[in-house]
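Trainee: Sequence plus the predicted model coming up.
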Amino acid sequence: MKFRLIVLLIVAGMLIIVTGSVVAAVEGYLDGVTHFRHASLRIEGGKVVYFDPYGIKGEPRDADIVFITHTHDDHFIPSDIRKVLKDGGAVVITTDGVNRLKNLGYQNILAVEPNQAHQVEGVNFTTVPAYNPDKSYHPRKNNWVGYVVTLKGVNYYIAGDTGLIPEMEEIKADVAFLPVDGVYTMKAQEAAEAAKLIKPAVAVPIHFGVVAGSRTDAEKFVSLLPAEIKGEIIQGK
Ligand SMILES: [Zn+2]
């Protein structure tokens with residue numbers, strides 16, 4: 001009897017340690033992540049990277065890389081790129097934005113299309129398709145993208161402006177940033193379906209509060225996630 005009790009206590013203790021470390025890892029995934037306006041993100045993990053910078057305060061000029069998902073003017077804002085990019089830093093952008101950047105004097109530019117793998121400034125990333133399957137705002141033929149960027153061993157998927165698309169099933173990400181505005185990209189329910197396809201440990205709603213969508217959409221998205229995906233709203237934190 002005593003032996004069984006000891007075994008039980010050991011197993012319980014191990015479970016606490018294992019569960020505890022998983023929770024700690026999941027929480028660590030969002031360390032160094034900032035969500036500015038709309039779909040604008042900064043992630044610091046060895047390198048400093050921004051996605052679609054918008055509404056940046058001051059001129060931090062700390063970005064090793066700025067990633068632009070597409071050339072709509074709520075994602076590609078040259079004045080915000082200017083505020084965040086280090087001297088000599090790289091801009092990764094879809095091919096349709098390259099000439100505008102060159103005309104502004106940028107030289108360290110990488111043009112991308114969907115389904116590519118690259119390394120820039122020591123950061124590995126892949127591009128994935130981003131498009132509306134059922135609307136005309138983001139046609140597939142534009143070759144706009146989302147990114148899966150690896151920083152300190154964590155894979156971050158930044159979806160760009162996309163609907164719920166079958167390609168999401170192939171995406172391997174620990175953290176997924178998904179748009180939830182309900183007009184130009186996905187409704188909260190669709191974004192939750194997207195999360196179920198991708199199966200990240202953490203899902204973060206973006207693309208609300210400016211052009212379309214509200215915090216209510218973000219909250220609804222989080223409430224619809226299955227228990228194994230931790231939903232977190234980080235805008236305004
Ligand atoms: Zn767009």
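Mentor: Thanks, I have the structure now.
Trainee: make it CA atoms for all contacts and neighbour counts henceforth
Mentor: Noted.
Trainee: Please work out how many residues are found near the residue nearest to residue 197 when sequence neighbours are not counted.
Mentor: Nearest residue to residue 197 in three dimensions, chain neighbours excluded: residue 169, at 5.0 Å (Cα to Cα, 6 or more residues apart in numbering). Each residue near residue 169 was counted by other Cα atoms under 10 Å, and the total is 13.
Trainee: isn't there a helix covering residue 189?
Mentor: Yes - applying DSSP: H, G, I helix; E, B strand; the rest coil, one finds residue 189 inside a helix.
Trainee: how much space is there between residue 93 and residue 111?
Mentor: To residue 111, residue 93 is 5 Å away according to Cα to Cα, to the nearest Å.
Trainee: Equivalent analysis for residue 208, please.
Mentor: Taking Cα to Cα, one finds residue 208 at 27 Å from residue 111.
Trainee: So the two - more neighbours on which side?
Mentor: More crowded of residue 208 and residue 111, by other Cα under 10 Å: residue 208, with 21 against 13.
Trainee: That one belongs to a helix?
Mentor: No - read with three-state DSSP, residue 208 is coil and lies in no helix.
Trainee: That one against residue 215, yeah?
Mentor: Yes - if you go by Cα atoms under 8 Å, residue 208 and residue 215 touch, sitting 6.7 Å apart.
Trainee: Number of residues surrounding residue 109?
Mentor: Residue 109 has 18 nearby residues by other Cα under 10 Å.
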